[in-house]
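Asks: pasting a predicted model and its sequence here:
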Amino acid sequence: MTIQTFDIDPDWHDVGAVTDIPERGSRRVATAQGDVAVFRTSDGQVFALVDRCPHKHGPLSQGIVHGHGVTCPLHSWVIDLKTGHPTGADAGKGCTPVVPVRVQDGRVLLAQPVMAA
């Protein structure tokens, strides 16, 4: 399985406190290359994906977070937060790009996505 990612700028950008993201919820972060959805799971892990479902481009930031997945609000595709791939019956039908993210000193740092040339 291949994880689709953007080429990234080496700079990490502080996008807020980890506590600004509700547990089992998300926040949308606007970037020059488009919106990124940042998720926090019930076990405290943080993930980031480009904010669009590979199916009909629904806003994943408005989806329901469960386990390490998010359900798209448009057509209920479940997207794996680690890989960006749809799961279940929709597996293999596209991919949402993963954006590198880390938590440092309680702050969420996002690698600025830049489109590959």
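Replies: Looks like it came in fine. Just so we're clear, the structure is a prediction, and the values are computed from it rather than from any experiment. Numbers count the residues shown, from 1 in each chain.

Asks: for the closest residue to Ser42 other than its chain neighbours, what are its contacts?
Replies: If you skip the residues right next to it in sequence, Ser42 has Arg24 as its closest partner in space, 5.2 Å away by CB to CB, 6 or more residues apart in numbering. Where you see a C-beta, it was placed from the backbone N, CA and C, and this is true even at glycine. Going by CB atoms under 8 Å, 6 or more residues apart in numbering, Arg24 touches Arg40, Thr41, Ser42, Val65, His66.

Asks: just the buried ones out of those, please.
Replies: Burial by neighbour count, judged by 16 or more other CB atoms under 10 Å, picks out Arg40, Thr41, Val65 from the contacts of Arg24.

Asks: just the ones of the residues you listed in helices?
Replies: The members of the buried ones among the contacts of Arg24 all map outside helices under DSSP state H.

Asks: what is the nearest of these to Val50?
Replies: Ranked by distance to Val50 (CB to CB), the buried ones among the contacts of Arg24 are led by Val65 at 16.0 Å.

Asks: where exactly do the strands run in this protein?
Replies: If you assign secondary structure with DSSP state E, the strands in the chain sit at 7-17, 25-31, 34-40, 46-50, 64-66, 69-71, 78-80, 101-104, 107-114.

Asks: can you tell me how far the residue nearest to the spatial centre of the chain is from Gly69?
Replies: Geometric centre of the chain, nearest residue: Leu49, 2.2 Å, by CA atoms, centre = their mean. Computed with CB to CB, to the nearest Å, the distance linking Leu49 and Gly69 is 11 Å.
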